[in-house]
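Q: Mind folding the following:
(chains A, B, C and D)
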Amino acid sequence: MFAAAAIAVLITMALALLRALRGPTVYDRILALNMFGTKTVLLIAVAGFLTGRPEWLDLALLYALIGFVLRNTKYRGLGADEGGTP
Amino acid sequence: MTLAGHWIYWAIVALMMVGLYVLIARENLVKKIMGLNLFQVSVILFYVAVAKVRGGTAPILVEGAGDVVYSNPLPHVLMLTAIVVGVSLTAVGLGLAVRIRAAYGSVEEDELDRLDEADP
Amino acid sequence: MSEHLPVLQVVIPLLCAPLALLVRREAAVRTLAFAAAAASFAISVALLVSVLADGPISYPLGGWYPPLGIEYRVDTLSAFVLCVVSGVAAVLLPLGPGRGGHGLPSGRLHWFYAALLLAQAGLLGVTITGDLFNVFVFLEISSLASYVLVGLGSDRRALRAAFTYLVMGTIGGTFVLIGIGFAYQMTGTLNLDDLAQRLPEVRHKSTMLAAFAFLSVGVSLKLAVFPLHQWLPNAYAYAPPVVSAFLAATATKVAYYLLARLVFTVFGVAYVFGELGLGWLLFPLSLAAIFAGALAAIRQTDVKKLLAYSSVSQIGYLTLGLSFASLSGLTGGLVHLFNHALTKGGLFLAVACVVARSGSSRLDDWRGIGRRMPWTMAAFVAGGLGLIGVPGTAGFVSKWYLVQAALEAGRAELALGILASSLLAVVYVWRVVETAYFRDPGGPETRAEAPLSLLGPTWVLIGASLYFGVFTEWSAGVASKAAAMLLGVGP
Amino acid sequence: MIPLISAALFAFLLAVAVAVARTRDLFAAAMLTGIFSLLSAGLFTLLDAVDVAFTEAAVGAGISTLLILGTLSLTGSPEAPPRRSWAPLGVVALAGGALLYATLDMPAFGDPGAPAHLHVAPEYLADTPEDIGIPNVVTAVLASYRGYDTLGELVVILAAGVGVLLLVGSGDGGGGGERALGSESHVRMREKLVLRVVARRLVPFVLLFALYVQFHGDYGPGGGFQAGVVFAAGLILYGMIFGVDEVRRVVGPRAVEVGIAAGVLLFIGVGVASLLGGANFLDYSALDPHDPAHGRHLGILGIELGVGVTVASVMTAIYYGFAGRSRRA
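A: Purely as a prediction, here's the structure:
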C-alpha cells in the first residue's frame, strides 16, 4: 500500500522536475518548486510509515511553510519598495 | 568494494564533482555560490550516508523498546554545524557579490577582469 | 581559576565580540578589544610557562572526557603558537581599522572590532583544540571573519580579493571537512590523540590515505602553499593595512601549525615522510614558492603587494623547514613562524603608517618618504633587513637553522638555494629603500611623521624582531623544544 | 522499498545538479538549488537523519534560496556564456579521482560493523538516558557532549551576521522613494487580497510553530537553530507581503543587533555559570548541585534559547541588509 503510494509520489516528482528543468517561463518553475515541496512532504510522510516511525510529521509542517515563503519571493521580491508608498 | 555496498558513495562523489565544477569553473559570482551550495550539501550527504546503519532508525530513543538499532547520531550533529557554516558562507559570499555589483556594475569575472585592467 | 586558563584563552575574545555590538561607542570598544587581547596574551604566556614546567595540559570541555567530549590540549607547540597569535593580536587589535586604507563609515567601527576579535578567537581555538571537528569549526570562524575584513579595503578590488579568498578558502575548508569525514569513517573518533592511536590499524587503507590527502591539501590552501597561493597576494594587498598586518602575522601561521600537527602528531613522521614520501613533493614546492614569490615581489609597483609576494616566499621557508622532518629543520620552520610573524606584522604596520599620512601604498608615491617619515621608514628598513636575514635580526636566526638542516641532510644545494633567495630579498627590499631615500619627491619636503598610535605598535613589533634576533631563548629555545616533542625525541 | 526510493532521489539529485551547472538562466538555477536542497532533505530523512533534514529544509531550501533570489534581484538573472577552459575540469577530475580512490577501502554502506559505529557513538546512545535524560540523542550530543562545537557554530553565525552588517549594512541607510526592481509585479500583488489576509493570519502561527520547535527539540527533531530560522522566516514572510519597513517598525535594526549579541552572551553566560559553580566550562551539571541530570537539562534549555535568539536575529539582520540594498538599487 505504502510502497505503491511511494512510487506514485516519485513519479509525480519526476514530472514536476521535468517542468522545473524545461521551464519555459518563470512561473512554470515557481509552480514546479512549489509542487516539489508538496511532494517532498508526502514522500517524508510515506517514508515515515514505511519505516515504522511516523512521528516526524513536524517536518512536513516546516516544508509546507518554506514552500509558502519561497513562493512569495519571486512575486514580491524582498518587500523592499513598500515603505512610504500608499 | 561492491556495487550494492558502495553505489551510494559513488553517486555522492558525482554530486560533489558537479558542485566543485560550478564553484571553480563558472564566471558568474552568484552561480559560484550556488556551486558552493551543491558542493557542501553533497559533503553533508556523505556524512549522513556514513552514519546510516542497516535496519536502523533515527537516533531518537524509543521508550521501553528492547533492541532497537539506531543510526549513528554523531555525524548528524557534525552536519548540523556544517549546514550552519554553509549558510554563513553563502550569506557573506552573496554580500560580497552585491557589493561587487554595486562597485563594478557586473558580477561576471571576465567583465570584472577587464574593468580592473582598464583602471590602473 | 588557573585550571580554567585553556578555555578562558579562547572564550575571552569570543565574549568580547558580542559585547562590542552592545557597547558600540568607539573609544569603549577599543578599550574592550585591548583588554581582551591583553588578557588573552597574558593567559598564553602563563600557559607556556606552565607547560614548560609541568608538561601538557588537558581540559575536557563540558566535563566530558575525550573521546566523548571535546578536549582542549596545550603542549609546548600549541602554547608557543598561542603566544605568537595573542601577542601580535595584543599589539594590533586596539588599532581597529587604523587610519585610512579602509572604506568604513564611523558608525560601523564597532562591527569591525567584533570581526577582528572573532578572527583572533577562531585562530586561538584552532591552535588549542585537541578535537578534529572543533578545528574545522574554529577555522571557519576565523576564515569568515577574515573574508569580511579583507573586503573592507578602500579599493574596490578589495571586494574581489575577498571573494576569491572566500572561494579558495571554502574549497580548503570543505576539503578539510571531507578529510575529517574519511578519518572518522575509518576510526570512529574525532579526538586527535585517539585518532593517532587508532591510525596504525587502518593507515594502509585507501580511505585513510585520501583522508590525509584532503586534510593536507585543505590546510595548504589556507596556508597558501605554492601553487595554492593565488588568493594571498590580492587579499593582503587590498585589505585595510592593519588587517594585512594581522592576517600576515597570524592566519597563515596557524595554518602552518595545523599542518605540522596533522603530519607529526596525528599521522606520524614514519607514515608521512617514510611511506608516502611527502618530502619529495614538499621540497620542490617550497623552493618554487621561495623563488617565485621573491621574483614576483621584485616586479611589484605597490609596497603592500610586494610584501604580500614576499609572504608567499617566506611561507616557502616554513614548509621547507617542515619537509626536512629533522630536529633543526623543524626548529627552523617553527622559529621562522615566530620571527616572520613579528617582522611581517611590523612591515605591514609601517605601510599602515605611510597610508595614514599619504593615503597611498604605491611605490611611486613613496619617493623621498624616508625624509618625511624617518621613524616609520627606519622601522621598514629594520624589518626589511629581517626579511633578508641579516645577522642581528630575527630572520637570520631562522635561516641559520634552515641552512644547518640542509647541511645535516647532506643537501648543500638547498643551503645554497636559501642563500641565493636571500639575495633576491635584498633586491626587493632595496627597491623600496632606494625609492624612499634616494628619489626626489618633486614637492615640498615637510616632515610629517605617522601618529604615535600607529608608530608605537610598529616599533613594538619591529623592536621585538630585533630583540629576538639576539636573545633567542624564548624563540628558538622554545621552538626547538616543540620540534623535539613533535618528533618524539624530547619531552 | 527504501533503497529504491533513495536511488530514485539520487537520480533526481544528479539531474538537478547537472541542470544547475548547464542552465544560464540564474533564476531557474536558483529554483533548482532550492529543489536540490528539498530533495537532499528528503534523502536525509530516509537515511535517519531527521534533525539534519529539518535544518537543511529550513536553511538550504529556505534561507539560502531566499538569499540567492534576493541577490539576483540586485545583480540580474542572465549569465554570460561560459568560457571554455580545461584547467577546472582537470582539478575536478583530480579531486574526483581521489574521492573514488577513497571509496575503495570504505566499509559497505550501512554496515553495522563499521569502525564509526563501534567507537564513541554507542556510548552516546547508551549513556544519554542516564546522563542527560532526554530521548533525542542528537540534541544530547549537540548541546551537552559536544556543546562547545555548538558554541562555535553559533559564533560562525555571529561572524556571518557581523560580516553582512559590515558589507551590506543594516538596511537603514539612504534613499526612499526609488522603485525597486520588478515593481510592476509588486503593484499587481498589492491587489492580491487573499495573500495578504492569509499572511496576516499565518504569521502568528509561524511564530508559534517556532516556539514549539524551540522547546520540542529534546523529544523530536528541532532545537534552537531550526526555531530561530523558522521565527525569522515568519518575519521575512510578513516583510515580503507588507514591506520591509512594516517589519522594521515592529523590530528595529537596533533591537536586532542587541538580539544578535544577547543570544551568544546567554550561551557563554551558561558556560561561565558552570565555571562559577566549580565545574568546567559548559559542564551544566554544576547548575543544579543536587541533581546533575536536571542541571544538564537546565543548561541545554539555556543554550538552546541563546542559539534561537541569535539565529533569529542574524537571519533578520541579513534580510534587512539585503532588502535595504534592493530599495536603494
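
Q: can we go C-alpha only for contacts and neighbour counts from here?
A: Will do.

Q: Now do the helices for the stretch 201-329 of chain D: every range, in order, please.
A: Ranges of helices in the stretch 201-329 of chain D, per DSSP state H, counting those that start in this stretch, are D:224-242, D:244-250, D:253-276, D:292-328.

Q: now for the shortest one, which elements pack on it?
A: Right, the one you point to is helix D:244-250. helix D:224-242 (3 or more Cα pairs under 8 Å, 6 or more residues apart in numbering or on different chains; DSSP states H and E).

Q: picking that back up, now, of the helices of the stretch 201-329 of chain D, which is deepest in the fold?
A: helix D:224-242 (a mean of 27; mean count of other Cα atoms under 10 Å in any protein chain shown).

Q: by how many degrees do that one and helix D:292-328 diverge?
A: 30 degrees (axes from the mean of the first three to the mean of the last three Cα atoms, to 10 degrees).

Q: got TSV for the helices of the stretch 201-329 of chain D, with mean pLDDT too?
A: TSV is the format used below for those (pLDDT from 0 to 100):
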stretch	mean pLDDT
helix D:224-242	85
helix D:244-250	84
helix D:253-276	93
helix D:292-328	87
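
Q: Which one of these lies nearest to C:P457?
A: Closest approach to C:P457 among the helices of the stretch 201-329 of chain D (Cα to Cα): helix D:253-276, 29.9 Å.

Q: so what secondary structure elements neighbour that closest one?
A: Contact analysis of helix D:253-276 by 3+ Cα pairs under 8 Å, 6+ apart lists helix C:5-23, helix D:147-168, helix D:292-328 as its packing neighbours.

Q: let's go with 6 Å and repeat that
A: Under the contact definition 3 or more Cα pairs under 6 Å, 6 or more residues apart in numbering or on different chains; DSSP states H and E, helix D:253-276 sits against helix D:292-328.

Q: Tell me where the stretch 351-491 of chain C has helices.
A: Under DSSP H, counting those that start in this stretch, the stretch 351-491 of chain C gives helices at C:369-372, C:374-388, C:394-408, C:412-438, C:452-470, C:478-487.

Q: Tell me the spacing between the most far-flung residue of chain D relative to its centre and C:F324.
A: Distance from the centre of chain D peaks at D:H290, with 36.2 Å (Cα atoms, centre = their mean). Applying Cα to Cα, to the nearest Å, the value for D:H290 to C:F324 is 56 Å.

Q: Quick check: which element contains residue 41?
A: Let's take chain A. Here A:V41 sits within helix A:26-50, counting by DSSP states H and E.

Q: my bad, chain D
A: Going by DSSP H and E, D:A41 is part of helix D:26-46.

Q: residues making contact with that helix?
A: Residues outside helix D:26-46 that contact it (Cα atoms under 6 Å, 6 or more residues apart in numbering or on different chains) are D:V20, D:A53, D:E56, D:A57, D:G60, D:A61, D:T65, D:S77, D:P78.

Q: that older thread, if you count neighbours, what's buried in the helix holding A:V41?
A: Within helix A:26-50, the residues scored as buried using 16 or more other Cα atoms under 10 Å in any protein chain shown are A:28-30, A:32-48, A:50.

Q: of the residues you listed, list those near chain C.
A: Taking Cα under 6 Å from any Cα of the partner chain as the test, chain C is in contact with none of the buried residues of helix A:26-50.

Q: Please work out the residue of chain C nearest to chain A and name it.
A: Of all residues in chain C, C:R108 sits closest to chain A, at 22.5 Å by Cα to the nearest Cα.

Q: mind checking how far the closest residue to that residue other than its chain neighbours is from D:L154?
A: Once flanking residues are discounted, C:R108 sits nearest to D:L166: 6.7 Å by Cα to Cα, 6 or more residues apart in numbering or on different chains. As for D:L166, its distance to D:L154 is 18 Å (criterion: Cα to Cα).

Q: ok so, going back, can you give me the neighbour number for the residue of chain C closest to chain A?
A: 18 (other Cα atoms under 10 Å in any protein chain shown).

Q: ditto for D:P78
A: By other Cα under 10 Å, neighbour count at D:P78 equals 14.

Q: Isn't it up against B:E108?
A: No - if you go by Cα atoms under 6 Å, D:P78 and B:E108 don't touch, sitting 10.5 Å apart.

Q: looking at chain B, which helix or strand is least sure?
A: The weakest-scoring helix or strand in chain B, judged by mean pLDDT, DSSP states H and E, is helix B:109-118 (a mean of 88).

Q: Tell me the buried residues in that one?
A: B:E111, B:L112.

Q: which secondary element of chain D has the worst mean pLDDT?
A: Using mean pLDDT, DSSP H and E, helix D:183-190 stands out as the lowest-scoring helix or strand of chain D, at a mean of 45.

Q: Same question for chain A.
A: For chain A, counting by mean pLDDT, DSSP H and E, that's helix A:57-76 with a mean of 65.

Q: Tell me which residues touch the residue most central in space within chain D, please.
A: By Cα atoms, centre = their mean, chain D has its centre lying nearest to D:V59, at 3.4 Å. Under the criterion of Cα under 6 Å, 6+ apart, the contact list for D:V59 is empty.

Q: mind checking the SS state of it?
A: Going by DSSP: H, G, I helix; E, B strand; the rest coil, the secondary structure assigned to D:V59 is helix.

Q: any idea how far it lies from A:I30?
A: The gap separating D:V59 from A:I30 is 19 Å, by Cα to Cα.

Q: Look up the closest residue to the residue of chain B found nearest chain A, ignoring the ones flanking it.
A: Residue of chain B nearest chain A, by Cα to the nearest Cα: B:T57 (7.7 Å). Residue nearest to B:T57 in three dimensions, not counting chain neighbours: B:Y70, with 4.8 Å by Cα to Cα, 6+ apart.

Q: Now for the one you found, how many residues are close by?
A: The local packing of B:Y70 (other Cα under 10 Å) involves 24 other residues.

Q: Can you give me the pLDDT of it?
A: What the model reports for B:Y70 is a pLDDT of 89.

Q: any low-confidence regions in the chain?
A: No chain in the question, so chain A it is. Residues of chain A meeting the criterion pLDDT under 70: A:54-64, A:66-86.

Q: hmm, I had chain D in mind actually
A: Ranges of chain D meeting pLDDT under 70: D:171-194, D:326-329.

Q: what about the strands in the stretch 51-200 of chain C?
A: C:57-60, C:71-74 (DSSP state E, counting those that start in this stretch).

Q: thinking again about what came up before, between the helices of the stretch 201-329 of chain D, which one is nearest to D:S73?
A: In terms of Cα to Cα, the element of those nearest to D:S73 is helix D:292-328, at 7.4 Å.

Q: Could you list every helix and strand that the closest one packs against?
A: Checking 3+ Cα pairs under 6 Å, 6+ apart, helix D:292-328 ends up next to helix D:224-242, helix D:253-276.

Q: any idea how far it is from the chain center?
A: Here helix D:292-328 shows a centroid-to-chain-centroid distance of 10 Å under the convention Cα atoms, centre = their mean, to the nearest Å.

Q: swap in stretch C:335-355?
A: With Cα atoms, centre = their mean, you get 11 Å for stretch C:335-355.

Q: what mean pLDDT would you report for that stretch?
A: 93.

Q: got the CA positions of it in CSV?
A: Extracted C-alpha coordinates of stretch C:335-355, given in CSV (Å, rounded to 0.1, in the frame of the first residue of the first chain):
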residue,chain,number,x,y,z
VAL,C,335,61.2,29.8,14.8
HIS,C,336,60.6,31.3,11.4
LEU,C,337,56.9,31.2,12.2
PHE,C,338,57.7,33.3,15.3
ASN,C,339,60.1,35.7,13.6
HIS,C,340,58.2,36.2,10.4
ALA,C,341,55.0,37.0,12.4
LEU,C,342,56.9,39.8,14.1
THR,C,343,58.7,41.0,11.0
LYS,C,344,55.9,40.9,8.5
GLY,C,345,53.4,42.3,11.0
GLY,C,346,55.8,45.2,11.7
LEU,C,347,56.4,45.8,8.0
PHE,C,348,52.7,45.9,7.1
LEU,C,349,52.1,48.3,10.0
ALA,C,350,54.9,50.5,8.7
VAL,C,351,52.9,50.6,5.4
ALA,C,352,49.8,51.5,7.5
CYS,C,353,51.7,54.4,8.9
VAL,C,354,52.5,55.7,5.5
VAL,C,355,49.0,55.1,4.3
